[in-house]
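Visitor: okay, sequence plus prediction incoming.
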Amino acid sequence: MYSSFPSISTMLHSMAPRLDFSEWWGREERRGTPLVVTMENTNYSVLEIQCPSAEDFHNAGKAKGKNAKQFTWVLLLRAHRAVGWVAWLLGAIKKRMAFWQRIISVENDKPEKGRLLFKFIRAFLVISFVALVLEIMAHRNGWHFQKPNLHLPETMEVKGWLHSVYLSWLSFRAHYIAYPIQVLSRFCVVLFVVQSFDRLALCLGCLWIKLKKIKPEIDCDSFKCADVEGLDCEYPMVLVQIPMCNEREVYEQSISAVCEIDWPKDRLLIQVLDDSDDEDIKLLIKAEVSKWSQQGVNIVYRHRLVRTGYKAGNLKSAMSCDYIKDYEFVALFDADFQPNPNFLKQTIPHFKGKPELGLVQARWAFVNKDENLLTRLQNINLCFHFEVEQQVNGVFLNFFGFNGTAGVWRIKALEESGGWLERTTVEDMDIAVRAHLNGWKFMFLNDVKVLCELPESYEAYRKQQHRWHSGPMHLFRLCLPAIITSKISIWKKANLIFLFFLLRKLILPFYSFTLFCIILPLTMFVPEAELPVWVICYIPVFTSFLNLLPALRSFPFIVPYLLFENTMSVTKFNAMVSGLFKLGSSYEWIVTKKAGRSSESDSSTVIENDMSKLKVEQEVAHPVKKANKIYKKELALAFLLLTAAARSLLSAHGIHFYYLLFQGVSFLLVGLDLIGEQVS
């Protein structure tokens, strides 16, 4: 089979172009009939001179040298442009890397954070590039095979040492690499299918709720829903807490929105829990609280001397006040949330007649969901989370993860469940799990919406997602013994362990990163373990379509959404591992940067326009420089996927090539911080 293959030297000799530059440069003396090259209408013409004289030969040499010089200048000009473009590209990358190093030193990031994963990806990239070079060489020499498990030639049939190396690689990958990859890929595919069925079941549950028009109702007989003069005693005592930390952009609008809540003033207390370490911001927040206090609002300002435990420590300190015993419910709003004036009247009545109800959670709405591509993609995810996950779990299980804000707790439920604990960065999920284990029920109100902001920069979104995916795994380690030994039913235990934690918090980021960022590019170099098309195309598109159902207006973004979710898998996987194994970054809380955007109401549009004009004027006087960051893991994966796409192109894999190409470009854009707003 291999005996008819030409040797490498013969092939290279036959393929090599025969170029002789002596006529252009005029540096060699030719014997025989000389040729004179002249320029006529920008085309080369060749004239044969039969009997050249010395003068003619001298003139011909001048013309030949002149035309050679013109051609040389054209080549030099093009080479200069190419070198300039390459130099610009290298300089831009060097500046990006220098800026990224300065950002790292300013933010005091831990040097070991994410280093192990980056080293693994970088080593994988180097090996893939070497394999790609070997495959290109084999393809050019006719050694490339489309089908695995072909007959390997005998020793006498080997064509040189390169051929021997390539055949050794084929034998090694067939006997030692292919089988482990096949086992791992099948395992990940099974997890992928199971998670897809879970997503489908949630969507069917949401459809059932809409068809049956299942909706929590308020019993107006047991609670005075209308404002009736003289019946203030029917309103329970409510505490409203606004935890914040250096929230310069949003503190004013948040405090203003909470102070305008329609509730009897003598039965409402607002706590502004400020953990700021910036003295200027502290003075601004104090002034805002004082302004509303002078207007008759029952509002107090609290600042901790010892700032431990992040948000959980802040809430725990506030709940230790003596006057808390006079209040029955507590409503929580993060600094960028703006509840409507009827929020308490839409939520508190659901507690009447339901002594087992411990939490009422409202839905989030976003003032900046159409700001850029990043906010649009976040809106898709969160719409599915609230309308499908939270609503279905609330209706059928009376349990879901507390979102940390825009919710009302029965204070008795908090106290009996152990209160706020500082052991994780997801104190909201922690208290929800402990309350569920103590028998308390939850209710989700899909019709009650509270305005808030989405992170507009990838840097802020990345840090938020790291906390949201490392915290649950850290919590799972801590509360697993309590779940197993609790007195709840086996079905509720199974739901907590396998669905709530493992399937949706651990398995999802694990298979997303492993299957689409590691196994898929690896199968391009090990075709014996190639993934079928339905795994990389049909099921991902189907699950992405399910995610888009609650936000059908975002359907044109289905392809960017699919690519971006796979791109975020590296951050989520890294966070999941750090939380599961209690690494350094598992207990890290970085406040999500806000832009301070107001609501979407018509009355605020004029104010927002005026503020934007003022901001433009200030930026003209004092311009703020914005620059992109560099994310090494995303860039390394981008080059890895593009390398695998080049290998797929050699084998004409079709859909595999296009997927790897677009996914590699997606990683490249994210790695260069070209999605969302740039950081300043």
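Guide: Looks like it arrived, so ask away.

Visitor: how far off centre is whichever helix or strand Glu565 is part of?
Guide: Taking DSSP states H and E as the definition, Glu565 sits inside helix 558-580. The chain centre lies 5 Å from the centre of helix 558-580; the measure is CA atoms, centre = their mean, to the nearest Å.

Visitor: do stretch 263-278 as well
Guide: Relative to the chain's own centre, stretch 263-278 is displaced by 34 Å; criterion: CA atoms, centre = their mean.

Visitor: quick one: end-to-end length of it, please.
Guide: Separation of the first and last residues of stretch 263-278 by CA to CA, to the nearest Å is 33 Å.

Visitor: ok, now stretch 380-389?
Guide: The first residue of stretch 380-389 is 13 Å away from its last residue (CA to CA).

Visitor: tell me which residues in that stretch are buried?
Guide: 380-389 (16 or more other CB atoms under 10 Å). C-beta here means a position set from N, CA and C on the backbone, and glycine is covered the same way.

Visitor: keep only those of these that are in strands.
Guide: Judged by DSSP state E, those include no members of strands.

Visitor: of the residues you listed, closest to Val577?
Guide: Asn381 (21.1 Å; CB to CB).

Visitor: distance of the nearest residue to that closest one once chain neighbours are set aside from Ala362?
Guide: The shortest distance from Asn381 to any non-neighbouring residue, by CB to CB, 6 or more residues apart in numbering, is to Asn547 (7.0 Å). For Asn547, the distance to Ala362 equals 22 Å [CB to CB, to the nearest Å].

Visitor: who's more crowded, the two?
Guide: Ranked by neighbour count (other CB atoms under 10 Å), Asn547 and Ala362 place Ala362 first, with 25 against 21.

Visitor: so that one makes contact with Met443?
Guide: No - using CB atoms under 8 Å, Ala362 and Met443 do not qualify as a contacting pair, with a distance of 10.1 Å.

Visitor: how about the strands in this protein?
Guide: For the chain, the strands identified by DSSP E occupy 35-40, 43-48, 238-244, 268-274, 299-303, 329-332, 357-366, 407-410, 441-452, in order along the chain.

Visitor: other SSEs contacting the last one?
Guide: Spelled out, that is strand 441-452. If you count contacts as 3 or more CB pairs under 8 Å, 6 or more residues apart in numbering; DSSP states H and E, strand 441-452 packs onto helix 343-347, strand 357-366, helix 391-396, helix 427-437.

Visitor: go through it and flag the buried ones.
Guide: For strand 441-452, a neighbour-count test (16+ other CB under 10 Å) marks 441-446, 448-452 as buried.

Visitor: closest to His80 out of these?
Guide: Distance to His80 across the buried residues of strand 441-452 (CB to CB) is lowest for Cys452, with 53.6 Å.

Visitor: who's in contact with the closest one?
Guide: For Cys452, the contacting residues are 334, 336-338, 364-367, 405-406, by CB atoms under 8 Å, 6 or more residues apart in numbering.

Visitor: one step back: in TSV: the helices and strands packed on strand 441-452, plus mean pLDDT.
Guide: Supplementary listing: these in TSV, determined by pLDDT from 0 to 100:
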stretch	mean pLDDT
helix 343-347	97
strand 357-366	97
helix 391-396	97
helix 427-437	97
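
Visitor: closest to Ser128 out of the ones you listed?
Guide: With CB to CB as the criterion, Ser128 lies closest to helix 427-437 of the helices and strands packed on strand 441-452, at 38.1 Å.

Visitor: and the residue nearest to Ser317 when sequence neighbours are not counted, how close does it get to Gly401?
Guide: Beyond its immediate neighbours in the sequence, the residue positioned closest to Ser317 (CB to CB, 6+ apart) is Arg304, lying 5.5 Å away. In this structure, Arg304 and Gly401 are 26 Å apart, going by CB to CB.

Visitor: neighbour count winner among these two?
Guide: Here Arg304 and Gly401 are compared on neighbour count by other CB under 10 Å; more neighbours surround Gly401, at 22 against 15.

Visitor: tell me the phi and psi of the more buried one?
Guide: Dihedral angles phi and psi of Gly401 (degrees, to the nearest 10) take the values phi -80, psi 130.

Visitor: what's the local residue count around the closest residue to it other than its chain neighbours?
Guide: If the residues on either side of it in the chain are set aside, Gly401 comes closest to Met429, at 4.8 Å by CB to CB, 6+ apart. Each residue near Met429 was counted by other CB under 10 Å, and the total is 24.

Visitor: then Phe366?
Guide: One way to gauge burial is a neighbour count; for Phe366, by other CB under 10 Å, it gives 19.

Visitor: that one: what's it in contact with?
Guide: Taking CB under 8 Å, 6+ apart as the criterion, Phe366 is in contact with 375, 378-379, 382, 451-454.

Visitor: residue contacts, the residue nearest the centre of the chain?
Guide: With the centre of the chain defined as its mean C-alpha position, the nearest residue by CA atoms, centre = their mean is Met568, 3.2 Å away. If a contact means CB under 8 Å, 6+ apart, then Met568 has Gln465 as its contacts.

Visitor: one more: the one 4 residues further on?
Guide: With contact set as CB under 8 Å, 6+ apart, Lys572 has these partners: 465, 469, 508-509, 512-513.

Visitor: from those residues, pick the one nearest Val258.
Guide: Distance to Val258, by CB to CB, is smallest for Gln465 among the contacts of Lys572, at 27.3 Å.

Visitor: wait, isn't that closest one in contact with Thr571?
Guide: Yes - with contact defined as CB under 8 Å, Gln465 counts as touching Thr571 (5.6 Å).

Visitor: more neighbours: which of these two?
Guide: Neighbours of Gln465 and Thr571, each counted by other CB under 10 Å, are more numerous for Thr571; the result is 23 against 18.

Visitor: please tell me how far Ser254 sits from Tyr310.
Guide: Counting by CB to CB - Ser254 and Tyr310 are separated by 18 Å.

Visitor: Leu77 now?
Guide: Applying CB to CB to Leu77 and Tyr310 gives a distance of 60 Å.

Visitor: same thing with Phe581?
Guide: Remark: distance between Phe581 and Tyr310 (CB to CB) = 21 Å.

Visitor: swap in Phe662?
Guide: For Phe662, the distance to Tyr310 equals 38 Å [CB to CB].

Visitor: try Thr425
Guide: Where Tyr310 is concerned, Thr425 sits at a distance of 7 Å (CB to CB).

Visitor: tell me which of these two has more neighbours.
Guide: Regarding Thr425 and Tyr310, a neighbour count based on other CB under 10 Å identifies Thr425 as having more, with 26 against 21.
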